[in-house]
Each structure stands twice: as C-alpha cells, then as structure tokens.
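Asks: sequence plus predicted model, see below.
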Amino acid sequence: MARMITLCAIDDDRMLLEGMRAWLAGRQDVRLIEIFTCLPDYVRWAADGRELPDVVLLDLNLCDRSRPADNVRRVLSTGPAVLVVSTIPDSDAVLETIEAGASGYLTKDQDLDVLCDAITEVAAGRSVVSPELAFVISRDDRPTRPQLSPQEVAVLTAYASGATMAAAARRAGVAYGTAREYLERVKRKYSEVGRPTYTKLDLANRVREDRLELRGLDES
C-alpha cells in the first residue's frame, strides 16, 4: 500500500480551506494535516518542532500583498515542497514562483483527482506542468528571457544536463552540426538580453534559473 502523503494548505479564504478539509477527508492517499490563513502562522507552526508535511498547497496571491515568489521561498526554507494554486492566474507571478522553486501550478477549478495526482507528483520530487502552467511558460516574453525555439530548448536542456553534444543531438532528433548551431544561437540570444552565457556550467545555470526543464516536460 502506498504511503499516505501529508499536506498543509495556506489560503486566506477560510471557506475554501474548510471545504478542502471536507473534500480530502475521504482520500486514502492524501491527508490534510493543517490549514492556515496566512504565511506567518504556518512559519510559526513549522518552527514549533512539529512533523512537517510532504507538500504545502500555497495560494498565489495572499491578501497581505506579499510577493508570491518570496512566499514560496519562505515555505521551502521550512522543508516541504510547494504546489501553487490560484483562482485567476497572474502570469508574471506564476513564473516567479516557479523560478523561486515551486514544483508546479494549478488553478482552483481542478477536480479532486487532478489535485491529488499533482500533490503525489510533487511529493515524489517531480514537477507538475499543468496546461495552465504550460500556457504561461510558452508565452513568457519578459525582457530578460530570450525567445528560444522548442528545438533550441531541447538541445540546451539535454546538453546542460550533462549529455555530450552528440547525445544532445540524438535526443533532440537533429544532426550534430545542427545541435551545435542551436547552442550558438542560445548563447547569442542570452547575450542579447544581458545574460552572457559562455560555458556548459553557464548553460546549466540558465536552465535552472529559467526552469526550462518544465518546457521540456511540456513538449515531450
């Protein structure tokens, strides 16, 4: 029998929190152990020597106007993984939470099975690329983000993960010379947005900073 995954939820909508408690009560795979209407209450609770959850479900926009990315970092500093949820997506805020280390994003109109499947993935250390998150990532046009083609992303993520150029070319389904050209284009595009990228370590850092592996998951 699979291990029960433990969950905390942080949301300033108390009615939603109580509804979630009732909603999850019958599940055999996920157990909601505590709910919080603000992040400071969770942080104090987590610092009290309690058994921490596997995953924290975190509302994107709390009413105290705290920065979503900062909230993700504060939760991660306590140990659990983070799955961000919201009613109305704010594309920039969603992207910032993913870059801050959130493992995925869902809108609150998902059904229970979708939510629990996402929680299970996050608890296992994997990323969750919902259709909503894939849409936001595909339209990321911030000035510091170069516009990379799917083929460029495929070569970059393979090569930056440790593959040789030949292996990266095979994974992307292109010729060796084409893969080299894609990487040169990637470096040029990063330089054009003020983020010079010269070495394989630089490339790995750009993948991590921009969470490009999520695009790879979406396009695989």
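Replies: Sure thing, it's come through. For clarity, every value in this text was computed on a predicted model and none was experimentally measured. Numbers count the residues shown, from 1 in each chain.

Asks: every contact and neighbour count from this point should use C-alpha atoms.
Replies: Noted.

Asks: any low-confidence regions in the chain?
Replies: Across the chain, the ranges flagged by pLDDT under 70 are 1-2, 138, 214-220.

Asks: and for it, the residue most distant from the center?
Replies: Relative to the centre of the chain, the most outlying C-alpha is that of Gly177, 32.5 Å out, by Cα atoms, centre = their mean.

Asks: in which helix or strand would I find it?
Replies: helix 176-192 (DSSP states H and E).

Asks: after that helix, which helix or strand is next?
Replies: helix 200-210.

Asks: tell me the helices and strands packed up against that following helix.
Replies: With contacts taken as 3 or more Cα pairs under 8 Å, 6 or more residues apart in numbering; DSSP states H and E, helix 200-210 sits against helix 150-160.

Asks: mind doing that once more with 10 Å?
Replies: helix 91-99, helix 150-160, helix 176-192, helix 212-219 (3 or more Cα pairs under 10 Å, 6 or more residues apart in numbering; DSSP states H and E).

Asks: which one of the ones you listed is the most hemmed in?
Replies: Stretch with highest mean neighbour count among the helices and strands packed on helix 200-210: helix 150-160 (a mean of 22; mean count of other Cα atoms under 10 Å).

Asks: when you compare where that one runs with where helix 200-210 runs, what's the angle?
Replies: Here helix 150-160 points in a direction 120 degrees away from that of helix 200-210 (axes from the mean of the first three to the mean of the last three Cα atoms, to 10 degrees).

Asks: contacting residues around the residue farthest from the centre of the chain?
Replies: 165-166, 169 (Cα atoms under 10 Å, 6 or more residues apart in numbering).

Asks: now with 6 Å, please.
Replies: Gly177 makes contact with no residue, according to Cα atoms under 6 Å, 6 or more residues apart in numbering.

Asks: how far does the helix holding Gly177 sit from the chain's center?
Replies: In terms of Cα atoms, centre = their mean, to the nearest Å, the centre of helix 176-192 is found 26 Å from the chain centre.

Asks: next: stretch 191-200.
Replies: 23 Å.

Asks: okay, that stretch in CSV with CA atoms only?
Replies: Provided in CSV are the C-alpha atoms of stretch 191-200 (Å, rounded to 0.1, in the frame of the first residue of the first chain):
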residue,chain,number,x,y,z
SER,A,191,23.9,37.7,-24.6
GLU,A,192,21.3,39.9,-26.3
VAL,A,193,19.2,40.1,-23.2
GLY,A,194,22.1,40.9,-21.0
ARG,A,195,22.8,37.4,-19.6
PRO,A,196,26.1,36.3,-21.2
THR,A,197,26.5,32.5,-21.4
TYR,A,198,29.8,31.0,-22.3
THR,A,199,30.4,27.6,-20.7
LYS,A,200,28.4,24.4,-20.1
